[in-house]
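Q: Task: produce atomic coordinates for the following.
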Amino acid sequence: MSQAGGAHAESTSLIGPGDIDPIVEQIADARRMDRWRRRAIFIVVWVVLVGGLGWFLWNAGNVEWDFIVHSGPYIIGGVWITILVSILSIALGTSLAIVGALGRLSANPVIYAVASLYVSLVRGTPLLVQIFFVFYALPQAGIVLPPIPTGVLALGFNYGAYMTEIFRAGIQAVPRGQSEAAKALGMQESQIFRRIVLPQAVRIVTPAVGNEFIAMIKDSSLVSTITVQELLWRAETAGRAEFQTIPAFLIAALAYWILTIVFSLFQERLERRLARSDR
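A: Numbering: from 1, shown residues only. All right, here's what the predicted structure looks like:
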């Protein structure tokens, strides 16, 4: 028995901490190399595909450098209007979504019916029709708004209906036991919602709201139909004036693409931070 124990001790003593460290480093190096290889392949594929598509569109559209140099800055200047409209619209849509979600969860049949009608009506009609309706119907009612507030109102009203279901799901995802515990401590319903339910629901729905914001950046191009001088409106105006429609739209498309990439990166960082706080 002692001989077996001695043999086992002798075999285990052959592998010490100094022998394990190089193995761990080799595994870590192999993983880093694999990550770099995957990134390199990813970049190469993107460069080839984007370069091929750009070359095809460049030759098919007869792009002229003079147009890009002179009209490019004017078109890109509409990016700030696009961002402004998107931010204001998502803020309005979020406010309407919270109210709509509470209505959808209300036990009052009148409030529930109004909230359900709002969601059904907006989701059942095209966004462009809603923009035209707000643009032409409000003046008939004696309410005359500039183009940008009109576009913000239409976009926010539309996205508020879609985000209503997102916030409703987020509120329902908060464990009911927390609300019941707060009631046992004597907190009122408004305090429970404001201090316990809403902060957790907002954290739950933040990634989904981020996706809606990225989608709104592209949908904001529809407000160009009501003379909002954002990115697409400027591209269409400059391209039509100089008979360079395709190059103008290429500049606008590239700007929209860059915007979505930038805000997608912000969204990924935010999601990682939220996931880290959950862990």
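Q: which regions of the stretch 51-200 of the chain lie under the pLDDT threshold?
A: The stretch 51-200 of the chain contains residues with pLDDT under 70 at 53-63.
Q: where do the helices sit along it?
A: Counting by DSSP state H, counting those that start in this stretch, the stretch 51-200 of the chain has helices at residues 65-76, 79-104, 109-123, 127-140, 147-173, 176-184, 189-192, 198-219.
Q: Turn those helices into CSV, including mean neighbour count and distance to Phe266.
A: For the C-beta atoms, the positions are set from N, CA and C on the backbone; glycine is no exception. Listed next are these as CSV, based on neighbours: other CB atoms under 10 Å; distance: least, CB to CB, whole Å:
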stretch, mean neighbour count, distance to Phe266
helix 65-76, 15, 20
helix 79-104, 20, 13
helix 109-123, 14, 27
helix 127-140, 15, 24
helix 147-173, 21, 18
helix 176-184, 12, 30
helix 189-192, 12, 32
helix 198-219, 17, 8
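Q: For Ile41, find the nearest of the ones you listed.
A: helix 198-219 (25.7 Å; CB to CB).
Q: Adding distance to Pro247, write the helices of the stretch 51-200 of the chain out as CSV.
A: Formatted as CSV, these follow (distance: least, CB to CB, whole Å):
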stretch, distance to Pro247
helix 65-76, 6
helix 79-104, 17
helix 109-123, 36
helix 127-140, 25
helix 147-173, 26
helix 176-184, 56
helix 189-192, 56
helix 198-219, 20
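Q: For Val50, which of the ones you listed is the nearest?
A: Using CB to CB, those put helix 65-76 closest to Val50, at 17.3 Å.
Q: I would like the residues contacting the closest one, please.
A: Identification of contacts with helix 65-76 by CB atoms under 8 Å, 6 or more residues apart in numbering yields Leu231, Arg234, Ala235, Ala238, Gly239, Glu242, Gln244, Pro247, Ala248, Ile251, Ala252, Ala255.
Q: same deal with stretch 129-148?
A: Stretch 129-148 is contacted from outside by 81, 84-85, 122, 150-151, 153-155, 157-158, 222-223, 225-229, using CB under 8 Å, 6+ apart.
Q: switch to 7 Å and redo it
A: 85, 150-151, 153-154, 157-158, 222-223, 225-228 (CB atoms under 7 Å, 6 or more residues apart in numbering).
Q: cool, stretch 186-194 as well?
A: By CB under 7 Å, 6+ apart, stretch 186-194 touches Ser179, Ala182, Lys183.
Q: Return that stretch as PDB; C-alpha atoms alone will do.
A: Coordinates of the C-alpha atoms in stretch 186-194 are reproduced here as PDB (Å, rounded to 0.1, in the frame of the first residue of the first chain):
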ATOM      1  CA  GLY A 186     -46.700  49.800   2.300                       C
ATOM      2  CA  MET A 187     -45.600  51.400  -1.000                       C
ATOM      3  CA  GLN A 188     -48.300  52.800  -3.300                       C
ATOM      4  CA  GLU A 189     -48.800  51.500  -6.800                       C
ATOM      5  CA  SER A 190     -47.300  54.600  -8.400                       C
ATOM      6  CA  GLN A 191     -44.200  54.300  -6.200                       C
ATOM      7  CA  ILE A 192     -43.800  50.600  -7.000                       C
ATOM      8  CA  PHE A 193     -44.000  51.300 -10.700                       C
ATOM      9  CA  ARG A 194     -41.700  54.300 -10.600                       C
END
